[in-house]
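Asks: Here is a sequence together with a model predicted from it:
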Amino acid sequence: MTDTQRPAQSRRISGPGSLYSVLDGAFPGARTIQGYLDVKWLAGELGMSTWGVHKWFHNNQVPAKRVKRLIQLSEG
């Protein structure tokens with residue numbers, strides 16, 4: 001089967017059990033005016049791009065090297 005023949009995989013960006021919802025709950029004070037998780041703030045605190053954070057949401061996983069810092073940030 002070639003790449004063009006593979007069925008599209010559905011990825012859950014938000015919703016129960018998604019990485020977005022986990023981080024959204026871990027950082028209740030980091031909200032945009034619209035009420036969404038402030039990805040720009042999170043990326044800045046982690047020293048990375050917003051694109052990188054969005055890539056996590058798409059893959060629904062965080063690289064191991066970023067987990068410790070996320071925990072530190074969530075604990076305040």
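Replies: Structure received. Quick caveat: nothing in here was measured; it's all calculated off a predicted structure.
Asks: CA only for contacts and neighbour counts going forward, please
Replies: Will do.
Asks: Can you pull out the low-pLDDT segments for the chain?
Replies: Residues of the chain meeting the criterion pLDDT under 70: 1-12, 14.
Asks: mind listing the helices in it by residue range?
Replies: 19-26, 39-46, 50-59, 64-75 (DSSP state H).
Asks: for the longest one, packing partners?
Replies: Secondary-structure packing of helix 64-75 (3 or more CA pairs under 8 Å, 6 or more residues apart in numbering; DSSP states H and E): helix 39-46.
Asks: For the helix it packs on, which residues meet the burial criterion?
Replies: By 16 or more other CA atoms under 10 Å, the buried positions in helix 39-46 come out as Val39, Lys40, Leu42, Ala43.
Asks: Can you tell me the centre-most residue of the chain?
Replies: Phe57 (4.0 Å; CA atoms, centre = their mean).
Asks: which phi and psi does the spatially closest residue to Trp41 that is not a sequence neighbour have?
Replies: Nearest residue to Trp41 in three dimensions, chain neighbours excluded: Ala30, at 7.3 Å (CA to CA, 6 or more residues apart in numbering). Dihedral angles of Ala30 (phi, psi; degrees, to the nearest 10) stand at phi -100, psi 80.
Asks: How many residues are close by Ala30?
Replies: Neighbourhood size, Ala30 [other CA atoms under 10 Å]: 18.
Asks: what about the closest residue to Leu46 other than its chain neighbours, distance to Gly17?
Replies: Distance criterion CA to CA, 6+ apart; nearest residue to Leu46, sequence neighbours excluded, is Arg69 at 7.2 Å. Separation of Arg69 from Gly17 (CA to CA, to the nearest Å): 21 Å.
Asks: of all the helices of the chain, which lies closest to Ile13?
Replies: Checking the helices of the chain against Ile13 by CA to CA gives helix 50-59 as the closest, at 5.5 Å.
Asks: What is that closest one packed up against?
Replies: Counting contacts by 3+ CA pairs under 8 Å, 6+ apart, helix 50-59 is packed against helix 19-26, helix 39-46.
Asks: and the last one with helix 64-75, angle?
Replies: Using axes from the mean of the first three to the mean of the last three CA atoms, to 10 degrees, one finds that helix 39-46 and helix 64-75 are set 110 degrees apart in direction.
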